[in-house]
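[1] when you get a sec, could you give me coordinates for this:
(one chain, ligands or ions: 1)
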Amino acid sequence: MNNNNRLVAKDSHWVGYVDDRKVPFHRLTLEKGTTYNSYFLDTEKPTVIDTVDISFGRNFVQTLSEYIEPEKIQYIVINHVEPDHSGGLPALANKAKDAVIVTTELGARELKEMYKLHNKEFLIIKDGDTLDIGGKTLKFFETPYLHTEETMITYAVEDKVLYPCDIFSTHIATEELFNDLAPEDITEDFKVYYSLIMHPHRPYVQDMIEKLRNIEIDTIAPSHGYILRDNPQKYIDMYDEMSKPNKDKKALVLYSTMTGNTKKIANHIAEELKEAGIETNTMKIKDDVDMDAVREAIKESDAIFFGSSTRYADMVGGMEKVLKMLKYMKLEGKVGVAFGSYGWSGEAVEVINDYLADTDISLVSSSYIIKTTGMSDLQFPIRVKFNPDENGIERLKISARVIKDILVG
Ligand SMILES: Cc1cc2nc3c(=O)[nH]c(=O)nc-3n(C[C@H](O)[C@H](O)[C@H](O)COP(=O)(O)O)c2cc1C
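    Residues are numbered from 1 along each chain as shown. Okay, the predicted model is just below:
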């Protein structure tokens with residue numbers, strides 16, 4: 001590749017790696033391969049933004065050496081820790097011994113653990129921070145969950161170039177780096193990437209777009225696929241459109257309780273859903289509950305929470321009657337969650353979960369949440385020992401918001 005064809009802006013060069021294998025990624029095979037885009041900013045304080053996949057660290061340092069002796073690099077910006085972008089860091093840091101690693105607080109913690117970089121200097125970034133690299137100014141924005149929690153993006157102020165790492169990427173192996181040179185329309189590939197990687201985190205996409213409204217962008221230089229220098233706004237608008245919430249969804253929280261603890265959980269969940277703009281009803285399920293009313297409420301709802309505390313290893317109130325009725329209902333397309341307060345074993349929550357698993361409702365489990373969002377610290381079904389403490393309430397709210405995110409897609 002001719003070096004001039006790698007120029008993203010004045011003194012800013014693509015130094016990535018084109019991976020034209022059928023790459024295994026997130027349980028998929030990337031049929032068109034991909035690229036790992038890294039950028040070298042040839043300023044007074046030479047700076048690298050992101051690296052390449054862990055398999056290509058040596059190739060990366062070699063490419064970079066066409067522009068500078070890697071020893072002279074002063075800053076290495078790591079927007080996102082996943083090894084397809086930070087994987088070249090060990091090879092680079094090994095040469096650029098004095099380089100400062102620029103990343104978020106969580107990013108620094110994860111990089112230190114993953115690559116044993118304990119003797120390296122880190123510059124910790126907070127949202128809106130700037131860094132003068134001598135001839136260019138970098139501005140940083142925290143963009144949590146785009147794609148993982150620690151992520152940030154970098155904006156080169158004078159060049160008007162956005163380096164958003166995974167955001168605005170496409171999985172296509174291409175030697176022609178720029179979208180105006182693409183041999184075919186990339187819109188479909190761009191949408192597929194969005195729906196796989198970004199859509200599960202769409203509320204955060206909206207937050208990110210809000211941050212971009214205040215900056216002028218001439219070029220978007222992401223970390224996979226084409227650099228978007230032709231009509232970058234088109235791609236921002238597509239993200240905006242695809243991530244807009246659908247507020248017409250309804251939730252229902254059903255609970256049975258002896259002393260009110262499960263009611264409190266139900267109320268925390270319902271409040272959070274309402275705050276997030278989801279119309280939510282709660283119903284206490286007593287022994288003599290009006291089953292027709294419950295059936296109608298379930299029919300009208302898109303997400304249904306089923307809660308009971310545990311009494312002698314079983315559910316309380318009329319919850320079992322409701323669960324038995326589900327067998328005769330069409331629940332396809334609806335989301336189901338089991339929850340409940342308990343003292344020591346909490347069998348009721350598990351029994352509710354078993355009933356739900358036996359229907360065609362989409363049952364939310366920890367496994368499902370990890371696989372769709374990468375959030376590994378939430379527990380589904382939701383189990384609360386007696387009453388939730390402050391931390392427990394916060395976790396309930398996050399759990400409710402995750403269900404809201406599933407609903408508004
Ligand atoms: C009679 C009785 C039996 C209970 N049996 C169990 C049990 O088998 N397993 C358990 O984990 N908790 C058990 N508990 C604890 C309750 O599940 C716990 O207090 C819970 O917070 C009550 O929630 P609630 O107010 O929503 O009913 C029992 C409590 C009582 C009063």
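[2] for the worst-scoring helix or strand of the chain on mean pLDDT, which residues meet the burial criterion?
    Counting by mean pLDDT, DSSP states H and E, the chain has its least confident helix or strand at strand 23-25, which shows a mean of 77. Within strand 23-25, the residues that count as buried by 16 or more other C-beta atoms under 10 Å are V23. C-betas here are computed from N, CA, C, even on glycine.
[3] close enough to count as contact, Y342 and T310?
    Yes. Contact criterion C-beta atoms under 8 Å: Y342 and T310 qualify, at 4.3 Å.
[4] what about stretch 383-399, how long is it end to end?
    End-to-end distance for stretch 383-399, by C-alpha to C-alpha, to the nearest Å: 11 Å.
[5] can you list the residues of the chain near the ligand?
    Residues of the chain lying near the ligand by C-beta under 6 Å from any ligand atom: 257-262, 309-313, 341-346, 386.
[6] buried subset of the residues you listed?
    Using 16+ other C-beta under 10 Å, the buried members of the residues of the chain next to the ligand are T257, N261, T262, S309, T310, S341, Y342, G346.
[7] I'd like the residues you listed as CSV, with pLDDT and secondary structure appended.
    Formatted as CSV, these follow (pLDDT from 0 to 100; DSSP: H, G, I helix; E, B strand; the rest coil):
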residue, pLDDT, secondary structure
T257, 98, coil
N261, 98, helix
T262, 98, helix
S309, 98, coil
T310, 98, coil
S341, 98, strand
Y342, 98, strand
G346, 97, coil
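[8] skip the chain neighbours and tell me the closest residue to I393.
    Of all residues not flanking I393 in the chain, H268 sits nearest, at 5.8 Å (C-beta to C-beta, 6 or more residues apart in numbering).
[9] okay, and the beta partners of F40?
    For F40, the beta-bridge partners are H13, V48 (DSSP bridges).
[10] make sure it is actually in contact with V61.
    No. Judged on C-beta under 8 Å, F40 makes no contact with V61 at a distance of 11.3 Å.
[11] more neighbours, the two?
    Taking neighbours as other C-beta atoms under 10 Å, F40 and V61 compare with F40 leading, 24 against 19.
[12] let me see the contact set for I236.
    Contacts for I236 (C-beta atoms under 8 Å, 6 or more residues apart in numbering) come out as F168, I209, L212, I217, I220.
[13] would you confirm that the fourth one contacts L162?
    Yes. Counting by C-beta under 8 Å, I217 does reach L162; the two are 5.1 Å apart.
[14] give me the common contacts of the two.
    Y155, P232.
[15] and the gap between H199 and T373?
    For H199, the distance to T373 (C-beta to C-beta, to the nearest Å) stands at 10 Å.
[16] then M238?
    According to C-beta to C-beta, M238 and T373 sit 21 Å apart.
[17] just for the chain, where's the confidence low?
    1-4, 247, 409 (pLDDT under 70).
[18] any chance you could map the helices in it?
    Applying DSSP state H to the chain gives helices spanning 57-65, 83-86, 89-95, 105-115, 187-193, 202-212, 232-243, 261-275, 291-300, 319-326, 347-357, 366-373, 390-407.
[19] just name the most buried of these.
    Greatest average neighbour count among the helices of the chain goes to helix 83-86 (a mean of 23), per mean count of other C-beta atoms under 10 Å.
[20] and it, how far from the chain's centre?
    Distance of helix 83-86 from its chain centroid, counting by C-alpha atoms, centre = their mean, to the nearest Å, is 16 Å.
[21] contacting residues around S243?
    With C-beta under 8 Å, 6+ apart, S243 has these contacts: M198, H199, R202, P203, V205, Q206, I209.
[22] 7 Å instead, please
    Residues in contact with S243 (C-beta atoms under 7 Å, 6 or more residues apart in numbering) are R202, V205, Q206.
[23] isn't the second one right up against M238?
    Right, the one you point to is V205. No. Applying C-beta atoms under 7 Å as the test, V205 and M238 come out as separate, 10.7 Å apart.
[24] what's stretch 79-87 in contact with?
    Contacts of stretch 79-87 (C-beta under 7 Å, 6+ apart): 36, 50-54, 57, 78, 107, 110-111, 114, 147-148, 150-154, 163, 165-166, 223.
[25] show me what whichever residue of the stretch 101-250 of the chain sits closest to the ligand is bridged to.
    Closest approach of the stretch 101-250 of the chain to the ligand (C-beta to the nearest ligand atom) occurs at K250, with a separation of 24.2 Å. Counting by DSSP bridges, K250 forms beta bridges with E279.
[26] that one contacts I304, correct?
    No. Using C-beta under 7 Å as the test, K250 is too far from I304 to be in contact (9.5 Å).
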